[in-house]
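>>> what shape does this take:
(2 chains)
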Amino acid sequence: DTEVTQTPKHLVMGMTNKKSLKCEQHMGHRAMYWYKQKAKKPPELMFVYSYEKLSINESVPSRFSPECPNSSLLNLHLHALQPEDSALYLCASSRKKGTSGASSYNEQFFGPGTRLTVL
Amino acid sequence: AQTVTQSQPEMSVQEAETVTLSCTYDTSESDYYLFWYKQPPSRQMILVIRQEAYKQQNATENRFSVNFQKAAKSFSLKISDSQLGDAAMYFCAYRSRQGGSEKLVFGKGTKLTVNP
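A predicted model of the protein is given here:
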């Protein structure tokens, strides 16, 4: 299995709803990432998990709550979102290399994304 | 902080021709990785090619190759024998280290159109 899967593909939610995005990989990758991408813009990093521990939070509002229950699964819990949070949410993962050097991880593999619309 | 600049918002190429996409970056690190990612209309980000800064040889992957000029901090992507399926947004990315983790810093992207 050499892919990152994301569910759902599309999500429409109201500002008072609570929903979750799910990301899964079975490649043995130990780093997982959430990105937010607005139309015609590059992805913006939100969170990084390394060995199931949150290692980077790019000052993301608390209405986004990440969770990494195990090494294969990454969730993003959404609550009280705003219309400006509508975007494509991308998940990625990367493998930790066995040796030290310029980088501890290989390249990131991306999932197909969840297109989120907040009404 | 590292920055990545793609100065060409849009490019077009005729099918079967060659096109070069530009990317420059700014960093104080001596060892790092650079990537080109492709994002077609389906929106899935696909890795096209990567370059390790400590390697002098330019990376190649079939029809895709890079011209890596470390001193000039330039990392251009050449697509040979362009195909209709190459039409996409192309992002240049620099891998930055932050603490014990790593993050990608993306350029703003270049939209490539392939004309039949």
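>>> what residues does chain B put near chain A?
Counting by C-beta under 8 Å from any C-beta of the partner chain, chain B comes close to chain A at B:31-33, B:35, B:37, B:42-47, B:50, B:52-54, B:91, B:95, B:97-104, B:106-109. C-beta coordinates here come from the backbone N, C-alpha and C atoms, glycine included.
>>> which of those fall in strands?
Those of the residues of chain B next to chain A mapping onto strands are B:33, B:35, B:37, B:46-47, B:50, B:52, B:91, B:95, B:97-98, B:101-104, B:106, per DSSP state E.
>>> what's around residue 107, how many residues?
In the absence of a named chain, chain A is used. Residues near A:Glu107, counting by other C-beta atoms under 10 Å in any protein chain shown, number 18.
>>> my question was about chain B
The burial count for B:Gly107: 25, using other C-beta under 10 Å.
>>> for A:Met15, same thing?
Neighbours of A:Met15 using other C-beta under 10 Å come to 13.
>>> so it sits in a helix?
No. According to DSSP: H, G, I helix; E, B strand; the rest coil, A:Met15 belongs to no helix; its state is coil.
>>> in ChimeraX, select just the buried ones from the ones in strands among the residues of chain B next to chain A.
Selection command for ChimeraX covering only the buried members of these, criterion 16 or more other C-beta atoms under 10 Å in any protein chain shown:
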select /B:33,35,37,47,50,52,91,95,97,101,102,103,104,106
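>>> and the most centrally placed residue in chain A, what are its bridge partners?
Taking C-alpha atoms, centre = their mean, the centroid of chain A lies closest to A:Trp34, which sits 2.3 Å from it. Beta-bridge partners for A:Trp34, by DSSP bridges, are A:Phe47, A:Cys91.
>>> looking at the ones in strands among the residues of chain B next to chain A, which gets the smallest pLDDT?
Lowest in pLDDT among those is B:Gln98, which has 67.
>>> for the nearest residue to A:His79 once chain neighbours are set aside, list the residues it contacts.
Closest residue to A:His79 apart from its sequence neighbours, by C-beta to C-beta, 6 or more residues apart in numbering or on different chains: A:Lys18 at 4.8 Å. Contacts for A:Lys18 (C-beta atoms under 8 Å, 6 or more residues apart in numbering or on different chains) come out as A:His77, A:Leu78, A:His79.
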